[in-house]
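1. predicted model, plus sequence, below.
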Amino acid sequence: MTTPGTLPSPEQGLVLTHFLTVRDIVRSRRFYADIFGGEVVLEENPAIVQVANSWIIMNPGGGPTPDKPEVTLVPPEGGNTVSSFLNVRVADIAAFYADAVAKGAEFLTEPLDRKAELRCYLRDPDGYLIEVGQATGMLRGVFADR
């Protein structure tokens, strides 16, 4: 278990973090701290923002290293094809949405009722897709249509 405002370094077991390859560390760090109420625990090399019980780690791209030979890290190239996205669960999506919009976040749509949940999506400054959802029907065994 780790405490708020600390580096992701568990005393036992493990913690799960999410690494993002970013174009501008300051801009991305500010986005995750402001929009998601995160706490900056490391400014850069890499930047780390603790958001609730998780950490977003950000660094610029780069070429292969000894521990990942033949792997190059690059931020998304843009467009609407993605292979993964960050999934954020909130207790009150209407409040989160209103607060994030007031802070400048741009969502693809307003929160939509999908039966199992209310959800909407936004992109971070590098184009990473982020789903924001609130469980509703799934808490009662009601799931979205396929």
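-> Right, received. Where do you want to start?
2. quick check: beta-bridge partners of the residue minimising distance to the centre of the chain?
-> What sits nearest the mean C-alpha location of the chain, by Cα atoms, centre = their mean, is residue 86, with 4.6 Å. Here residue 86 sits in beta bridges with residue 130, going by DSSP bridges.
3. so what's it up against?
-> Contacts for residue 86 were tallied using Cβ atoms under 8 Å, 6 or more residues apart in numbering; they are 18, 128, 129, 130, 131. All C-beta spots, glycine's among them, are computed from the backbone N, C-alpha and C.
4. the last one and residue 112: what is the separation?
-> Read it as residue 131. 11 Å (Cβ to Cβ, to the nearest Å).
5. where do the strands sit along this structure?
-> For the chain, the strands defined by DSSP state E cover 17-21, 39-42, 47-51, 54-59, 86-89, 112-113, 117-123, 129-135.
6. neighbouring contacts of the third one?
-> For strand 47-51, the external contacting residues (Cβ under 8 Å, 6+ apart) are 4-8, 25, 28-29, 32-33, 36-42, 55-59.
7. swap in the fourth one?
-> Contacts of strand 54-59 with the rest of the structure, by Cβ under 8 Å, 6+ apart, involve 7-8, 15-22, 25, 28-29, 32, 38, 41, 44-49, 73.
8. quickly list the domain ranges of the protein.
-> 1-74, 76-146 (automatic domain parsing).
9. mean pLDDT added to those domains, as a markdown table?
-> Supplementary listing: these in a markdown table, determined by pLDDT from 0 to 100:
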| stretch | mean pLDDT |
| --- | --- |
| domain 1-74 | 93 |
| domain 76-146 | 95 |
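10. if we can go back for a sec, give me the buried subset of the contacts of strand 47-51.
-> Applying 16 or more other Cβ atoms under 10 Å to the contacts of strand 47-51, the neighbour count classes 8, 25, 28-29, 32-33, 36, 38, 42, 55-59 as buried.
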